[in-house]
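Asks: Here is a sequence together with a model predicted from it:
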Amino acid sequence: MRKSYLRKYHSFLKFKRDFTRYSLRKVRSYEVILFWLKSRMNRTQFLILSGMLVGCTAGLAGVALKSLVHYIHYFISHKIHFEYQVLFYIIFPFLGIVLTTAIVLTFFKGQDRKGIGAILYEIAQNSSIVSSVKMYSQMVQSAVTVGLGGSAGLESPIAVTGSAIGSNFAQTYKLNYKERTLLLAAGATAGIASAFNAPIAGIMFAFEILLTGVVFSDFVPLVVAAICGSLVSKVLLQEDVLFRFHTREPFNYHNTPFYLALGLLTALYARYFVVVAQKVEHFIARLHLSKIRRAMLGGTVLSILCVALPPLFGEGYDAIKSFTNGHVDFVIHNSFFRYFELKDWTVVIFLALICLLKAFATPITIFSGGNGGNFAPSLFAGGTLGYLFAQVCKLIGLSEVPETNLVLAGMAGVMSGALYAPLTAIFLIAESSFGYDLFIPLMIVSVISYLVAKRFSPISPDLKKLADEGKIFTREHDKNLITRLQVADVMDANPQIISLNATVNQLLSMVKTGSKNVFAIVDDKQKFTGMLTLDDLKPVIFSKDPESYSIANIMKEPPALIQEGEDMVEVVQKFDQTDAWHLPVLDHDGKFIGFISKPTILIQYRKQLQTYSD
């Protein structure tokens, strides 16, 4: 036993000596240990170890960010009298957006790509290589934005941070694309799991959103990362920081009509939420302001909204907890509505205004220069909508309204319809409320909301532009692989070209010496005029009088033309529609630059399939 231990220790010392001597860069001592472990472990073992390390690191990042923002909000909302809070609501949201923009311009060179779309873009277009800067840039920016009152969520920045941690870990230890993508998803999974202490929701998030269109068989590292992220959150985060709801009613099947109605209501609200976000984004883009001026404008509007309705300040989770605990009077007391007599309809108007204006506050925060995501806003808006629905039902005389359960189901419904992630929404609320017996109402509301949202748009509106441009993967796996190709990748750039004015004998001479069976015919200005294949030349080759033919008489028009830089999905559609084997490629001036053949596309497709699906 002792000899075996000494042999392993000697092996490690020898590896360390050789590695530090021949490595192209200096490495930290723990990296030497991990490189040695990688050399001793099989692939599965090292991926599980990697999942543990990435999960713990991403979990710590999530805990740090959540704790920082929570204590800022707690200080403002619980330690300061309302009259002084108003000053904070005026100043802080404005400062949050302006400072975030200044930080991006000063320290991160204006690179402010953010949100889940940024992760999907790196998976599809950058071989899952995420810049190391994102391991901390998203945390800094979102802490400033949300910590100072930006009406957005921390979960998307935490997911981006975790994905950057996973990607850079994989890059350090020279893992391939599939392993790199797996650890990228593991980091994001751990980040979500730590933010909500909900490991299953973190895994569902990876399956539903991040790994869409990517074929995988190794899921154990994802599970391990989710467990580690959740454990870190459980150990380090206090109960009041966690997204937790203890008060709820048991599920009663007699209340099913409430959930059916709420499902439809959350679906319509989710559509309203995403449409308003798109309108605000386009409006801000059309202003053509500098980034600082845009931030100042957005910060001013957000400050006004937060002064009018303080629950719009920050993530808003404390307000939802107050609703579920029956303390709506406390929320109203910290707003100007405190000066009105607290009646049932006062509460309804207050809640309705929150729902309507939250859809404006979040995109103003994000698109004017702040950093955050739609996770928290969709949950906050859904919970408020569920509570509003419960109050209206009670006002019109309905009895035994499951008030708390409607709040929880409302959160799941709006999140499902806004983010197109029904499974993530269901498990997130079930885990956060210990409400596994609420699976039926959660599924009813989430599925209705999701199906209605899909009727409006088959792809999440947040990602539709990237999907239409072929910059992210979708559920159409074949299309994902084709979008990875470019016209230049499949084009024969050394084609056989002959002038329209050449003789047939010159053409036949080219046939004898050439190795290709397709020819491009061009005029004196190199403009494409037609094409020929060997099949078209058979009558000429076997003719007794070839000179009786001219190129102009035997050439033919191609069934379709391909433009330089054209989307490969459209190129494949042209081949399918025309049943052609070769199609010419023209530049923007109409000059011929090469041919694309169907076999070449198939070969390149198979290479992509091998790279992304093995």
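Replies: The structure has been received and is ready for your questions.
Asks: Export only the CA atoms of the helix or strand containing residue 355, formatted as CSV.
Replies: Residue 355 belongs to helix 344-367 when elements are defined using DSSP states H and E. This file holds the C-alpha atoms of helix 344-367, laid out as CSV (Å, rounded to 0.1, in the frame of the first residue of the first chain):
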residue,chain,number,x,y,z
ASP,A,344,-60.2,47.0,-1.5
TRP,A,345,-60.3,48.9,-4.7
THR,A,346,-57.3,51.0,-3.7
VAL,A,347,-55.3,47.7,-3.5
VAL,A,348,-56.6,46.6,-6.9
ILE,A,349,-55.6,49.9,-8.5
PHE,A,350,-52.2,49.8,-6.8
LEU,A,351,-51.5,46.2,-8.0
ALA,A,352,-52.8,46.9,-11.6
LEU,A,353,-50.5,49.9,-11.9
ILE,A,354,-47.5,47.8,-10.8
CYS,A,355,-48.3,45.1,-13.4
LEU,A,356,-48.8,47.7,-16.2
LEU,A,357,-45.7,49.7,-15.4
LYS,A,358,-43.3,46.8,-14.6
ALA,A,359,-43.4,46.0,-18.3
PHE,A,360,-42.0,49.5,-19.0
ALA,A,361,-39.5,49.7,-16.0
THR,A,362,-37.6,46.5,-16.9
PRO,A,363,-36.8,47.3,-20.6
ILE,A,364,-36.0,50.9,-19.7
THR,A,365,-33.5,49.6,-17.2
ILE,A,366,-31.9,47.1,-19.6
PHE,A,367,-32.0,48.9,-22.9
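Asks: Only the buried residues of it, if you could.
Replies: The neighbour-count check on helix 344-367 (16 or more other Cβ atoms under 10 Å) flags 347, 350-351, 353-355, 357-367 as buried. (C-beta placed from N, C-alpha, C; glycine too.)
Asks: So which elements touch the helix or strand that that helix is followed by?
Replies: Proceeding C-terminally, helix 344-367 gives way to helix 375-395 as the next helix or strand, assigned by DSSP H and E. Using 3 or more Cβ pairs under 8 Å, 6 or more residues apart in numbering; DSSP states H and E as the contact definition, the elements that helix 375-395 packs against are helix 155-172, helix 256-286, helix 317-324, helix 344-367, helix 403-419.
Asks: which intervals of the stretch 451-600 of the chain have sub-threshold pLDDT?
Replies: Within the stretch 451-600 of the chain, the ranges that satisfy pLDDT under 70 run 477-478.
Asks: show me where it has strands.
Replies: Under the criterion DSSP state E, counting those that start in this stretch, the stretch 451-600 of the chain carries strands at the ranges 491-492, 496-499, 518-522, 528-533, 562-563, 582-586, 592-597.
Asks: Parallel or antiparallel, which strands does the fifth one pair with?
Replies: What it means is strand 562-563. strand 582-586 (parallel) (DSSP bridges).
Asks: and the angle from the strand it pairs with to strand 518-522?
Replies: Using axes from the mean of the first three to the mean of the last three Cα atoms, to 10 degrees, the interaxial angle of strand 582-586 with respect to strand 518-522 works out to 30 degrees.
Asks: buried set for strand 582-586?
Replies: Neighbour counts over strand 582-586 (16+ other Cβ under 10 Å) mark 582, 583, 584, 585, 586 as buried.
Asks: got the contact list for it?
Replies: For strand 582-586, contacts defined as Cβ atoms under 8 Å, 6 or more residues apart in numbering pick out 487, 491, 518, 520, 528, 531, 533, 558-564, 571, 574-575, 592-598.
Asks: I'd like the strands of the stretch 451-600 of the chain as TSV, with distance to residue 321 appended.
Replies: Compiled in TSV, those are given as follows (distance: least, Cβ to Cβ, whole Å):
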stretch	distance to residue 321
strand 491-492	59
strand 496-499	72
strand 518-522	70
strand 528-533	68
strand 562-563	56
strand 582-586	60
strand 592-597	59
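Asks: of these, which approaches residue 387 most closely?
Replies: Of all the strands of the stretch 451-600 of the chain, strand 562-563 sits nearest to residue 387, with 54.3 Å by Cβ to Cβ.
Asks: Now do the nearest residue to residue 277 once chain neighbours are set aside, the pLDDT please.
Replies: Nearest residue to residue 277, sequence neighbours excluded (Cβ to Cβ, 6 or more residues apart in numbering): residue 363, at 4.0 Å. pLDDT for residue 363: 95.
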